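**Q** Give me coordinates for this.
(2 chains)
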There are 2 protein chains.
Amino acid sequence: MQSYALTPSRRVRRTPFSDRVERAGVTAYTVYNHMLLPTAFAGLEADYHHLKRHVQLWDVGCERQVEVRGREAARLLQMLTPRDLRGMTPGRCYYTPMVDETGGMLNDPVTVKLAEDRYWISVADSDLLLWAKGLAYGFRLEVDVTEPEVWPLAVQGPKAEALMARVFGPAVREIRFFRFGRLDFQGQDLVVARSGYSKQGGFEIYVDSAAIAGPLWDALMERGADLEVRAGCPNLIERIEAQLLSYGNDMTRENTPHECGLGRFCNTLAAIGCAGRDALLRIALDGPLRQIRSLSIEGEAVPPCLEPWPLYAPGSATPVGQVTSAAWSPDFATNVAIGMVQMTHWTGGTQVEVEAPDGRRTAVVRSASFI
Amino acid sequence: MQSYALTPSRRVRRTPFSDRVERAGVTAYTVYNHMLLPTAFAGLEADYHHLKRHVQLWDVGCERQVEVRGREAARLLQMLTPRDLRGMTPGRCYYTPMVDETGGMLNDPVTVKLAEDRYWISVADSDLLLWAKGLAYGFRLEVDVTEPEVWPLAVQGPKAEALMARVFGPAVREIRFFRFGRLDFQGQDLVVARSGYSKQGGFEIYVDSAAIAGPLWDALMERGADLEVRAGCPNLIERIEAQLLSYGNDMTRENTPHECGLGRFCNTLAAIGCAGRDALLRIALDGPLRQIRSLSIEGEAVPPCLEPWPLYAPGSATPVGQVTSAAWSPDFATNVAIGMVQMTHWTGGTQVEVEAPDGRRTAVVRSASFI
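**A** Numbering: from 1, shown residues only, chains lettered A, B, ... in the order given. Predicted coordinates for the structure are as follows:
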C-alpha cells in the first residue's frame, strides 16, 4: 500500500499536545473531529506490544466535548440517547449510543455528568454538536450547547494506575471504572475518569487548560521513565481484539445500536423523550437482523480495510455481511476483524468467506471478542 | 516542516475517483467531510501554474450533498441561511452562508435548487446534515434530509469549457455562471453547474452514480489530451489570491457572515425564518468590527499556516487581527494571505505586523483580492 502525506492546515486543528507528540516521534496521523489524532509511533505492532506491557500517553484531544448546561440539560441528553439516563448521578460516565429520529447511530460517546445541569459528551468522529444544537433550538430548550476548550489526554496500559498515582496521588486509585474524580495538578482541578479506548486499563484526563497540557505531559513522562512510559495512540490491533467499535468504521448512520451490539446500553421502552425511540421500539423487542461480530480471517496479514469487505456464505455468492476493520494480531497469530454479520451466519464458529482486496479468504465468526 | 503520513481507514472515505486520482500520481491528501481530498500532484506551485494555463479534473467527491426534499423544503432552507431565497428558481445555484441561532457560521455551501421541493446543499467541511436534521425534527417539518450518493467532479481552468464541450456537447456553453443544466453522459442525465473553487473558470459535475465516475474521468482525460488536461485539486495559492474562503481555516462558528465579508450574500431583514436572524439584525445594519481581508506578507516564503498568526499594529503589542491562510505566490512574487482584520486597520494599504512562526514580518492589508 502506498503511503500519502497529510497536508497540514488550520482546519485540521492541532492540540495542545501536538508539539510533544511530534517530538516523541509520531509518524502518522488521522483526522478526527477536524483535528489531528496520532496513529503510529514505533509502528503498529511495536506500539501494540508496548501498550499491553507498559503505559502510554495518548493525545486524544480530538475527543471534543459537547457541553450541555442549563435547566433542561437532562431532557436534551435523554433526547439524544435510548439509554435510560434517569439513574445517572454526577460523577458517572455512561457509554451512550446516540441516534437520530430513525434510530440511526450518530455517535457513540462517553457522557460525563459533571452536575445535575451540566454534562460533557466526549464525542467520536461526527459533529454531534450540530444535532444537539438543532434539537435545543427546535424544542426551545433552556440549555446552552457549546464546544468548550477541553482536550482529553489518555493514560493507558497495565502500569497506568501506578503512573497516575505518582502524579495525582493515591486518590486516583479510588476512582472506579467509568467514574470520575476531580484531582489537583499544579493547583488546577482536573476531571480524571477511569476509562479509555483500550482494554489495558487506564484513565482519561479532561485537560481544560491549554497552558497545563505541556507540563502535565512532561510530568507523566518524567515520573514514568522507569515504567517505560511512551507516547502512544489508540491501537488498531488491540481495539479490534477487544471489539472496541469505531464510529465511521464499524458503524454509521445506516446502523441501529442493536445492530452494533449496543442493545445492552439501550433501554428503549424507558427512554421516553429519545428522538429515535419510536423507530427503535420494534427492533428493541425483536432484535436486529444483522449484528457486529468479531471474526478471525485466515491467511497472511490482511491489507488495511479501506472499504467494507463483503462476506459470503462459503462457496457462494450469497451476501451475509461485511468486514469493516481488520489487522494482523501477533498475540493471536491470525487476522482479527470486526464486521456486521447476518443472523443466519452470526453464531460463533460459523465459517464464512470474506472478499479481501487480494482475494477470497475463509473467516470464522466468533461468539465473543478476542480479549 | 516535517511531513506525516495519513493512515487510511474506512472512516476516511474514498470516492469513486480515488483509484484514478492515485494512478494520476496524487502525493498528499487532506480529510474533508470524513473523506479524502487530494491536495498535491506535481507539487503546489507546478499545480498552480498548470491550473492557470490549462484544465484540471478535481476529485471533490468530499463536497457531500445534503439533500432536502418535501413540501417544506424551502422553509427549511430559509431557516438555514440569512440569504433571501424567495427569488431562487430551479436551475439556480446560490452561495449560501449558513448560520446557527447565534449567527455563527456553520458552513458556506453552494445550494442547488433542483426543483421547487428539492435542493442539494453542497457542503464545506462540517456535518451540516446534523443541524438540518435537528431543525427538521424540532420543527416537525415535512421534509426528508439525507446524504445522497453524489460525488462532484470539478473541471477547472481556462480550457475547461473547451474540454467540457467535447464531452457534453455545445449545450455546456449555454450554462451561465452559478446555473446548472442537465446533460447526458453515456445515457445518464447529470447535473452540470458552472461553478467551482477557483477563479479560472469551470464546471462542477454532480456525479450521482459510482458506476459512471470512472468512465467520465477517462473520457475527460482522453478528449483533453491535447488541452494538457491533468488531475488537480483546489490550489492553496490560487484560492488565497482569489480570496476564496475555506470554512474551518478562514472562518469558524466564532464568525458571523458579515465578518467573513459575506454581507452581500445576506438579506437579513428579508430572511424571515432564518434561525440566526435575530442575532444578525444589528450587525447587518451596523456592520462588523472585524472583517476578512487579503494581505501580502513581506519576506521569504512563509511556512504553512497551522494555527492563526496574530496581527499587531506596527511595532506594538496591540492585537488587530489574525492570518489564517498564507502561501508564496509565484505570480505576485509575495506571500499572499487571508486574515481577519479589525476595523481600525482594515483599510487597504494599512501596514500591520504578523507573528509568523519564524518571527514578526511586515504585512499590508489590501482593499481587494489579488485576482
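**Q** Restricting to C-alpha, output the longest helix seen in chain A in PDB.
**A** What stands out as the longest helix in chain A, according to DSSP state H, is helix A:210-223. This file holds the C-alpha atoms of helix A:210-223, laid out as PDB (Å, rounded to 0.1, in the frame of the first residue of the first chain):
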ATOM      1  CA  ALA A 210      -4.000  24.600  27.200                       C
ATOM      2  CA  ALA A 211      -1.400  26.100  29.500                       C
ATOM      3  CA  ILE A 212      -1.300  23.000  31.700                       C
ATOM      4  CA  ALA A 213      -1.200  20.500  28.800                       C
ATOM      5  CA  GLY A 214       2.600  20.600  28.300                       C
ATOM      6  CA  PRO A 215       3.500  20.500  32.000                       C
ATOM      7  CA  LEU A 216       1.100  17.600  32.600                       C
ATOM      8  CA  TRP A 217       2.600  15.600  29.600                       C
ATOM      9  CA  ASP A 218       6.100  16.300  30.900                       C
ATOM     10  CA  ALA A 219       5.300  15.300  34.500                       C
ATOM     11  CA  LEU A 220       3.800  12.000  33.400                       C
ATOM     12  CA  MET A 221       6.800  11.300  31.100                       C
ATOM     13  CA  GLU A 222       9.300  12.200  33.900                       C
ATOM     14  CA  ARG A 223       7.600  10.200  36.700                       C
END
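**Q** In that helix, which residues are buried?
**A** By neighbour count on 16 or more other CB atoms under 10 Å in any protein chain shown, the buried set for helix A:210-223 is A:Ile212, A:Ala213, A:Leu216, A:Trp217, A:Ala219, A:Leu220, A:Met221, A:Arg223. Just so you know, the C-beta spots here come from the backbone N, C-alpha and C atoms, and that holds for glycine as well.
**Q** residues touching the residue in the stretch 201-350 of chain A that chain B sits nearest to, list them.
**A** Chain B sits closest to A:Gly248 of the stretch 201-350 of chain A, with a gap of 3.4 Å, by CB to the nearest CB. Contacts for A:Gly248 were tallied using CB atoms under 8 Å, 6 or more residues apart in numbering or on different chains; they are A:Ala124, A:Asp125, A:Ser126, B:Arg10, B:Arg11, B:His34.
**Q** Apart from its chain neighbours, what residue comes closest to the third one?
**A** So the one you mean is A:Ser126. Using CB to CB, 6 or more residues apart in numbering or on different chains and skipping residues adjacent in sequence, the residue nearest A:Ser126 is A:Asn107, 5.2 Å away.
**Q** hang on, the earlier thing: give me the helices and strands touching the longest helix of chain A, please.
**A** Counting contacts by 3 or more CB pairs under 8 Å, 6 or more residues apart in numbering or on different chains; DSSP states H and E, helix A:210-223 is packed against helix A:18-23, strand A:56-59, strand A:151-156, helix A:160-168, strand A:180-185, strand A:202-207.
**Q** ok so, going back, so what pairs up with the residue nearest to A:Ser126 in the strands?
**A** Counting by DSSP bridges, A:Asn107 is bridged to A:Met98.
**Q** where does it land on pLDDT?
**A** pLDDT, A:Asn107: 98.
**Q** just A:His345 next, same as before
**A** If you check A:His345, the pLDDT there is 98.
**Q** surely it meets A:Tyr312?
**A** No - A:His345 is beyond contact range of A:Tyr312, at 9.4 Å (criterion: CB atoms under 8 Å).
**Q** quick revisit: name the next helix or strand downstream of the longest helix of chain A, please.
**A** Scanning forward in sequence from helix A:210-223 by DSSP states H and E, the next helix or strand is strand A:230-232.
**Q** Paired strands for that following strand, with orientation please.
**A** Using DSSP bridges, strand A:230-232 pairs in its sheet with strand A:56-59 (parallel).
**Q** per-residue confidence averaged over the strand it pairs with?
**A** Mean predicted lDDT for strand A:56-59 stands at 98.
**Q** Please put the alpha-carbon coordinates of it into PDB.
**A** C-alpha atoms of strand A:56-59 as PDB (Å, rounded to 0.1, in the frame of the first residue of the first chain):
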ATOM      1  CA  GLN A  56       1.300   5.100  27.200                       C
ATOM      2  CA  LEU A  57       0.200   8.700  26.900                       C
ATOM      3  CA  TRP A  58      -2.400   9.300  24.200                       C
ATOM      4  CA  ASP A  59      -3.200  12.700  22.700                       C
END
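**Q** does chain B sit close to the helix or strand bottoming out on mean pLDDT in chain A?
**A** Least confident helix or strand, chain A: helix A:277-286 with a mean of 94, by mean pLDDT, DSSP states H and E. No - Helix A:277-286 stays clear of chain B (CB under 8 Å from any CB of the partner chain), getting no nearer than 11.5 Å.
**Q** packing partners for the next helix or strand after that helix?
**A** Sequence-wise, the next helix or strand downstream of helix A:277-286 (DSSP H and E) is strand A:290-297. Packing partners of strand A:290-297 (3+ CB pairs under 8 Å, 6+ apart): strand A:319-329, strand A:334-342, strand A:351-356, strand A:359-365.
**Q** Output the set of residues of the stretch 251-371 of chain A in proximity to chain B.
**A** Within the stretch 251-371 of chain A, the positions near chain B by CB under 8 Å from any CB are A:Arg253, A:Ala275, A:Pro304, A:Cys305, A:Leu306, A:Glu307, A:Pro308, A:Thr324, A:Ser325.
**Q** and A:Val60, what is it in contact with?
**A** Contacts for A:Val60 (CB under 8 Å, 6+ apart) come out as A:Leu37, A:Trp151, A:Pro152, A:Leu153, A:Ala154, A:Tyr197, A:Glu204, A:Pro234.
**Q** and the fourth one, how far is that from B:Arg166?
**A** Computed with CB to CB, to the nearest Å, the distance linking A:Leu153 and B:Arg166 is 56 Å.
**Q** Same question for A:Ser367.
**A** In terms of CB to CB, A:Ser367 sits 58 Å off from B:Arg166.
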